[in-house]
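In: Show me how the following folds:
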Amino acid sequence: MSLLRLSDVSARLGGKAVLDGVDLSIREGEFVGLIGPNGAGKSTLLRAVLGLTPSSGEIDIGGTPALNLSATARAKIVSYLPQEREIAWPVTAERLVGLGRSPHMPAFAGLGERDNAAVLRAMQRMDVAEFAARPATELSGGEKARVLIARALAQEAPLMLADEPTAGLDPLHQIALMRVFAALAREGASVVACLHDLGLAARWCTRLVLLDAGRIVADGTPAEVLTQARLRDVYNIEAYIGEVGGGLVVYPLDLSSLPDAQR
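Out: Got it, this is the predicted structure:
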């Protein structure tokens, strides 16, 4: 089943085209990495799906035109982790994560048993249960990032859109987050994440979509998308591409100082 479908989607910001005729379909059980250089249109694509950036073309979410979905109906299908990680109110981490249950709750109702269970699962998955009673504003930057990811997980939507989710996380928790996203895909949900770390994208994503100048230039498995030729054309870099432990390894390199024969 297609959880998300974009057909000929375009968007402009400040008079400049940032998405240009994008066609994309996301099925159940996929962990899709949106990759590409700065300004390629990755964040704009996510925001267009959510109606946060004006766009043209057709966007269907869960088989329904996005324009026909109320904010609550959309939030039951799609959770969103934006780039911005600011926490303005000194609520406890547990209460902040509990906000992810809002789409499933009647107005002015408190968390029920099912909601509390979802909050606990999300906090355990992100290893933040020990912070439950602490004011979220007093957490470190990385801890705040993990709590906000837990809030999105607590929403338990079948599709998660995450914009640079590993930003602010140390290597241990970056890998832990990739494991969580991969597990969600195995459980039948789908994750679409904007990623700058090509190594993480290559190792963990089931599918990569490479954007450049607002257009999709490659779509396939990591091995199909991350070729030397594409990395040169799109990123203007060289990279080591190999395999370790049955998984792809991609490591950008600066080879400009080497003689041509050694490149």
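
In: So which residues of the stretch 101-250 of the chain form strands?
Out: Listed in chain order, the strands of the stretch 101-250 of the chain (DSSP state E, counting those that start in this stretch) span 159-163, 190-194, 207-212, 215-220, 238-244, 247-253.

In: what's the closest of these to residue 61?
Out: Closest to residue 61 of the strands of the stretch 101-250 of the chain is strand 159-163 (Cβ to Cβ; 7.5 Å). In short, each C-beta sits where N, CA and C put it, glycine included.

In: which of the strands of the stretch 101-250 of the chain is buried the deepest?
Out: Mean neighbour count (mean count of other Cβ atoms under 10 Å) peaks for strand 190-194 among those, with a mean of 26.

In: Give the partner strands of it in its sheet and their orientations.
Out: Applying DSSP bridges, strand 190-194 is found paired with strand 31-35 (parallel), strand 159-163 (parallel).

In: can you put those strands in JSON lines and add distance to residue 228?
Out: As requested, the strands paired with strand 190-194 are exported to JSON lines (distance: least, Cβ to Cβ, whole Å):
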{"stretch": "strand 31-35", "distance to residue 228": "15"}
{"stretch": "strand 159-163", "distance to residue 228": "28"}
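
In: Export these as JSON lines, with columns for distance to residue 139 and mean pLDDT.
Out: JSON lines is the format used below for those (distance: least, Cβ to Cβ, whole Å; pLDDT from 0 to 100):
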{"stretch": "strand 31-35", "distance to residue 139": "27", "mean pLDDT": "98"}
{"stretch": "strand 159-163", "distance to residue 139": "19", "mean pLDDT": "97"}
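
In: and of the strands of the stretch 101-250 of the chain, who's closest to residue 12?
Out: Residue 12 sits nearest to strand 215-220 of all the strands of the stretch 101-250 of the chain, at 14.0 Å, using Cβ to Cβ.

In: which residues are in contact with the closest one?
Out: Strand 215-220 has contacts (Cβ atoms under 8 Å, 6 or more residues apart in numbering) with 20-24, 41, 207-211, 224-225, 230, 234.

In: Among those residues, which one sits closest to residue 3?
Out: So of those, ranked by how close each gets to residue 3 (Cβ to Cβ), first place is residue 24, at 11.3 Å.

In: Look at the residue lying closest to that closest one once chain neighbours are set aside and tell me its secondary structure.
Out: Residue nearest to residue 24 in three dimensions, not counting chain neighbours: residue 6, with 4.5 Å by Cβ to Cβ, 6 or more residues apart in numbering. What DSSP: H, G, I helix; E, B strand; the rest coil gives for residue 6 is strand.

In: wait, doesn't residue 6 sit right on residue 41?
Out: No - under the criterion of Cβ atoms under 8 Å, residue 6 is not in contact with residue 41, lying 11.6 Å apart.

In: What are the buried residues along the lengthiest helix in the chain?
Out: Scanning the chain for the helix with the most residues, using DSSP state H, yields helix 171-186. If you call a residue buried by 16 or more other Cβ atoms under 10 Å, then helix 171-186 has these buried ones: 173-174, 177-178, 180-182, 184-185.
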